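# This is a predicted model, with the sequence first.
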Amino acid sequence: MNQHSRWMRWRAILDGFEDVNQKREYLGKATFELSGNYDCRIDMSYFMGLSEMAIEQLVGAVLGQEPKIDVHEDMLDFLDNVDGAGTTLLEFDETAAREALGMGIAYIGVDGPMTMPNEAPTRLQELGAGMNRAFLTLYQAEDVINWSTDERGHLEWVMIRQIVSEQGSPTEDRRHFEQLTLYDRESFRRWRREVDENGSAIGQSTDFVEVPIGNPIHRMGFVPVFPVYGIRRAPMVGDSIIRASSRADLAAFQDESWAAMARYRHANPILKLFSDEDINKIFSGNVVRLKKDSNVEEDMEYLELSKAALDVREEAMKRYRMMAVTLSGVNPQAVPDSAGSTTGESGIAQRVRFTQTQKNQIARFSSKFEATMIRVLGAAEMWIRGIDEPSGDNAFQIKSTFEVTEADDLVRRLEKVEFGLIPSETLVRELMKQAAAKLAGDLNPDIAQQIKDEIDNADIASMTNQMDVGA
């Protein structure tokens, strides 16, 4: 399977197979299945996967607490409208994170207003002309169709393909275009050709025509398109966190489709008729009537289907669902020794293992996402402030839900320390510092250092005695 086919499969799973054509692609017609039965089975098949839940949990854990963002004052308005359509940076980041985690990779493009050639040939002139705006664009995994990297893995150029639609007025027909955009380290170019709604070229010519886009020189010294990885495998190559769980979800969907048909047949039994003469007509509905000669011998009964196949499919679906849980890292609501255990562990052991899996995923994705967003903010700063390189003062710090939980755990551990049982002021002091550092993560560094100094100078023995008296 090529990468594009994987993207289409993952996207269908995350969309819940709401499109009937997606259902037909992944729920194939069996060799001897009647067309009417197949159509009925497709109509009754509903997808209930766990892969989407895994991504939502991870995005919520990473961006549920609003990141700490420090930028130059000239960029504050940009944070509230990063795409020119009123999208905040946090809203944009949540969408980018979902796309990257689900498809393995997404791309954030940074550009500014399109000026006419020679209207503002320098950054200083752009700033003076009021063209100092920056816009972020999210590109999907399949939008980037070609690229080149240097020996260090940095982009030299990238080609992006999109289908765009335009309608000049309500009375005009909507037109569709296949658009190619080439970014390199100094400039960009754009080509178009008209296509129909399905993306097929219109007319005799299939050639692309270059489109004037104003001043094509961005002068950044790097390609202003930044990859966001779900799991990074290589430069410009990412992997989805649902790669394994999606297969279990798909297997469960296929079995659920057949089980839905089996349940339908059990709820609507089939009439079986034996007759030694030809039958002219059969009327079937809430009642069944046969129209035939009165002297014909007959025997009529309902066909009783075996429930064994249905039971086997139900067990298979349970197994596939738990496989998806295990592979996606979604924490099940398990209880000790529950039937949901996929490894023979108790429910408590499962929760601990899933928690560790989620924590590792969150830490890995958070650090990569922070680094990417700092680069994105730096590129936006170049457009907005009219400077030739990022200032290096931009900060984007994620505080995941696990870090918040760890801070609470540290406080509880500190409250439980018995100074008389463990006679170590150093232990108490260090626990205090750790808890303070977690709880004060968003504070000014000078204030955070002041808190550490206060803990270092505190009379720990006296504080502990007061805690004992209070208890």
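It's in.

# excluding its backbone neighbours, what's nearest residue 90?
Closest residue to residue 90 apart from its sequence neighbours, by C-beta to C-beta, 6 or more residues apart in numbering: residue 66 at 6.1 Å. Heads up, the C-betas are built off the backbone N, CA and C, glycines and all.

# What is the burial count for the one you found?
Around residue 66 sit 11 other residues, with neighbours defined as other C-beta atoms under 10 Å.

# next one: residue 245
Residues within reach of residue 245, counting by other C-beta under 10 Å, total 25.

# what does the model give it for pLDDT?
Residue 245 carries a pLDDT value of 85.

# Check the gap between the residue nearest to residue 90 and residue 35 for me.
Residue 66 sits 53 Å away from residue 35, going by C-beta to C-beta, to the nearest Å.

# any weak-confidence spans in the stretch 1-150 of the chain?
In the predicted model, the stretch 1-150 of the chain carries pLDDT under 70 at residues 1, 114-131.

# can you list contacts of the longest strand seen in the chain?
If you go by DSSP state E, the chain has its longest strand at strand 155-166. Strand 155-166 has contacts (C-beta atoms under 8 Å, 6 or more residues apart in numbering) with 107, 109, 139, 143-150, 174-185, 195, 199, 222-223, 225, 236.

# Going by neighbour count, which of these are buried?
The neighbour count (16 or more other C-beta atoms under 10 Å) marks 107, 109, 139, 143-144, 147, 176-181, 183-185, 195, 222-223, 225, 236 as buried among those.

# which residue sits closest to residue 234, ignoring its sequence neighbours?
Nearest non-adjacent residue to residue 234, counting by C-beta to C-beta, 6+ apart: residue 153, 7.8 Å away.

# Would you map the strands across the stretch 351-471 of the chain?
Assigned by DSSP state E, counting those that start in this stretch, the stretch 351-471 of the chain shows strands spanning 395-397.

# pLDDT weak spots in it?
Counting by pLDDT under 70, the ranges of the stretch 351-471 of the chain that qualify are 351-358, 400-423, 438-444, 460-471.

# ranges for the helices of it?
Secondary structure of the stretch 351-471 of the chain by DSSP state H, counting those that start in this stretch: the helices cover 401-416, 425-439, 445-457, 460-470.

# and what of the stretch 101-250 of the chain?
Remark: helices assigned in the stretch 101-250 of the chain by DSSP H, counting those that start in this stretch are 123-128, 243-267.

# which one of those is the most hemmed in?
When those are scored by mean count of other C-beta atoms under 10 Å, the highest mean neighbour count falls to helix 243-267 (a mean of 19).

# Show me what that one packs onto, helices and strands only.
helix 3-14, helix 20-26, helix 35-44, helix 51-63, helix 308-328 (3 or more C-beta pairs under 8 Å, 6 or more residues apart in numbering; DSSP states H and E).

# Give me the buried positions along the third one.
If I follow you right, that is helix 35-44. So for helix 35-44, counting by 16+ other C-beta under 10 Å, buried means 38, 41-42.

# Can you give me the neighbour number for residue 450?
Around residue 450 there are 13 residues (other C-beta under 10 Å).

# got it, and the one 4 residues further on?
A count of neighbours around residue 454, defined by other C-beta under 10 Å, yields 11.

# Isn't residue 396 up against residue 63?
No - proximity of residue 396 to residue 63 does not meet the contact threshold set by C-beta atoms under 8 Å, at 11.1 Å.

# mind listing the strands for the stretch 101-250 of the chain?
Using DSSP E, counting those that start in this stretch, strands in the stretch 101-250 of the chain cover 105-111, 135-139, 144-149, 155-166, 175-184, 188-195, 209-210, 225-229, 231-234, 237-239.

# Direction included, what does the second one pair against?
On the basis of DSSP bridges, the sheet neighbours of strand 135-139 come out as strand 105-111 (antiparallel).

# Alpha carbons only: can I get the partner strand in CSV?
Only the C-alpha atoms of strand 105-111 are listed here, as CSV (Å, rounded to 0.1, in the frame of the first residue of the first chain):
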residue,chain,number,x,y,z
ILE,A,105,2.2,14.9,9.0
ALA,A,106,0.7,18.3,8.3
TYR,A,107,2.3,21.5,7.1
ILE,A,108,2.0,25.1,8.2
GLY,A,109,2.7,27.8,5.6
VAL,A,110,3.6,31.3,6.5
ASP,A,111,3.2,34.2,4.0
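
# what residues does it touch?
Strand 105-111 has contacts (C-beta under 8 Å, 6+ apart) with 96, 99-100, 134-141, 143-144, 158, 160, 183, 188, 218, 224-230, 236-238, 372, 376, 379-380, 383.

# switch the cut-off to 6 Å
If you take C-beta atoms under 6 Å, 6 or more residues apart in numbering as the criterion, strand 105-111 is touched by 96, 99-100, 135-137, 139, 141, 144, 224-229, 238, 376, 379-380.

# could you flag which of these are buried?
Looks like these have 96, 99-100, 135-137, 139, 141, 144, 224-229, 238, 376, 379-380 buried, using 16+ other C-beta under 10 Å.

# so the nearest residue to residue 145 once chain neighbours are set aside bridges to which residues?
In space, not counting the residues next to it along the chain, residue 145 is nearest to residue 161; the distance is 4.8 Å by C-beta to C-beta, 6+ apart. For residue 161, the beta-bridge partners are residue 180 (DSSP bridges).

# what do you get for the one 4 residues further on?
Partner residues in beta bridges with residue 165: residue 176, with DSSP bridges as the criterion.

# Buried deepest among the helices and strands packed on helix 243-267, which one?
Of all the helices and strands packed on helix 243-267, helix 51-63 has the most neighbours on average by mean count of other C-beta under 10 Å, namely a mean of 21.

# I'd like the next helix or strand past that helix.
With elements assigned by DSSP states H and E, the helix or strand that comes after helix 51-63 is strand 68-70.

# and that next one, which strands flank it?
Next to strand 68-70 in the sheet, as set by DSSP bridges, lie strand 395-397 (antiparallel).

# For the strand it pairs with, buried residues please.
Within strand 395-397, the residues that count as buried by 16+ other C-beta under 10 Å are residue 396.

# So what touches that strand?
Where contact means C-beta under 6 Å, 6+ apart, the residues beyond strand 395-397 that reach it are 67-70, 370, 373-374.

# Among those, which one sits closest to residue 24?
residue 373 (39.7 Å; C-beta to C-beta).

# any idea how far the closest one lies from residue 158?
In terms of C-beta to C-beta, residue 373 sits 19 Å off from residue 158.

# One more: residue 67?
According to C-beta to C-beta, residue 67 stands 26 Å off from residue 158.

# Neighbour count: those two, which is higher?
Set residue 67 next to residue 158 and count neighbours by other C-beta under 10 Å: residue 158 wins out with 25 against 20.

# Excluding covalently adjacent residues, which one is nearest to the more buried one?
Distances taken as C-beta to C-beta, 6+ apart place residue 147 nearest to residue 158, at 4.3 Å, with adjacent residues excluded.

# For residue 37, give me its contacts.
Applying C-beta under 6 Å, 6+ apart, no residues qualify as near residue 37.
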